[in-house]
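> 3D, please:
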Amino acid sequence: MLVWLLQRVGPLLESVESHTSGDSRVFLTARTALAAVTAFLLALLLGPLAIRWLQRRFRERVASDSQRLNELHAQKQDTPTMGGLFIVSSIVLSVLVWGDLGNRFVQVALLASVGFATLGGLDDWIKLSTSRNGLKASTKLCIQVVMSLGLGWVLYDTLSSHPRGLELIWPIGNAGVWLGGGFVVWAVLVLVGSSNAVNLTDGLDGLASGCMVVAATAFAALCYLAGHSVLAEYLSIPYVAGAGEMTIVMGALVGSMLGFLWFNCHPAQVFMGDTGSLPIGALLGLAALVTRQEVLLLVVGGVFVVETLSVILQVASFRLLGRRIIACSPLHNHLLFGGESETKIVVRFWIGSVVLAVVAVASLKVR
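Predicted coordinates:
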């Protein structure tokens, strides 16, 4: 909205254009900071209202297949959930104010936020309002795939006009593999994988939200660099015109996560539920696709990757060998079973996220 207004003030733009950042003519750096602050304040404002409303309607039901895990999480019973409602609201409202709504990447980000939040909300509602454990896994996955196909096609249409827009880039050495039409399938894998990885990680107070703050900050920097022709050339990374506007989205994501963490730190006053974990995971995957840095997503989101692998390996081991490789998946539950305190596990995962984010960004200059 603000961008629309500024674009119509030609003389002002001409006088300040030489002082703006990257290829954006309207204060990309300042708007990113303002988007983060706006989303943070909105989350703080909406949080108490949402928590009171959710407390009366949607409260966590501790009923996993593990009796020991249920005992460890007994104190979380009846904690309000579906906090993703005010997470996504703060992101969308902030982007509507500070983002360039004519930018295709911003449009896709808004669609992904609302679409995945709606799916997560439906899953949470069924889980909390009926005796069923949410949507069937196959149904949920199919809906994710269909939504991702639509988003992937729009990205394909947009990125196909960029020199390396359809390449899978290996950061070190800057080698690339041409994906062509296969990009759409690849986009589905990234979006579905990222959203589900964050969903699996969301099991301890502040775990997913704290790690997302770090990951989104790293990708805010990557979006800025990818959308800046001079810096992209200097770092030998793909330049994607318009990718800078995704910095606004990532800034809003960081702000909303910090605001949510205010209420989600131990002991949590609210959980995000699938309503929150699915859309924020999808936004992280979307940023990786836009910047052509899917490989770095595996590093930046290393905590999410490890958590997901622990689940996959646990299921595979039990089905093929009849035994479990860890006490309880995902990995954070295994550590909890080992006697580690919840706070210690969460903080150590945060530290791991910071280290991985630094390594990922630093790798851009390794050639």
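
> Which residues does stretch 57-72 contact?
Contacts of stretch 57-72 with the rest of the structure, by CB atoms under 8 Å, 6 or more residues apart in numbering, involve 73-74, 76-82, 124-125, 127-128, 271, 273, 328, 333, 336-337. C-beta: built from backbone N, CA, C; applies to glycine.

> at 7 Å what do you get?
Residues from elsewhere that reach stretch 57-72 (CB atoms under 7 Å, 6 or more residues apart in numbering): 73-74, 76-82, 124, 128, 271, 328, 333, 336-337.

> from the residues you listed, which two are the most distant?
For these, the maximum inter-member distance is 27.2 Å, found between Met82 and Phe337 (CB to CB).

> coming back round to it: out of the contacts of stretch 57-72, flag the one nearest to Phe27.
Met82 (35.0 Å).

> Am I right that that closest one sits in a strand?
No. Met82: not assigned to a strand; according to DSSP: H, G, I helix; E, B strand; the rest coil it is coil.

> And it, how close does it get to Thr343?
As for Met82, its distance to Thr343 is 24 Å (criterion: CB to CB, to the nearest Å).

> again with Gly180
Plainly put, Gly180 is 48 Å away from Thr343 if you go by CB to CB.

> Settle it for me: which of those two has more neighbours?
Thr343 (14 against 10; other CB atoms under 10 Å).

> higher neighbour count, Met82 and Phe337?
For Met82 and Phe337, the more surrounded residue by other CB under 10 Å is Met82, and the numbers stand at 28 against 15.

> pretty sure that one is touching Ile51, no?
No. In terms of CB atoms under 7 Å, Met82 does not count as a neighbour of Ile51; the distance is 10.3 Å.

> what's the closest non-adjacent residue to Arg323?
Distances taken as CB to CB, 6 or more residues apart in numbering put Ser317 closest to Arg323, at 6.3 Å, once the chain neighbours are dropped.

> contacting residues around the one you found?
By CB under 7 Å, 6+ apart, the contact list for Ser317 reads Arg323, Arg324, Ile325.

> likewise Phe304?
For Phe304, the contact set (CB under 7 Å, 6+ apart) comprises Ala197, Val198, Thr201, Cys211.

> can you check Cys265 too?
In this structure, Cys265 makes contact with Asp205, Gly206, judged by CB under 7 Å, 6+ apart.

> Kindly report the same for Asp78.
For Asp78, the contacting residues are Arg59, Glu60, taking CB under 7 Å, 6+ apart as the criterion.
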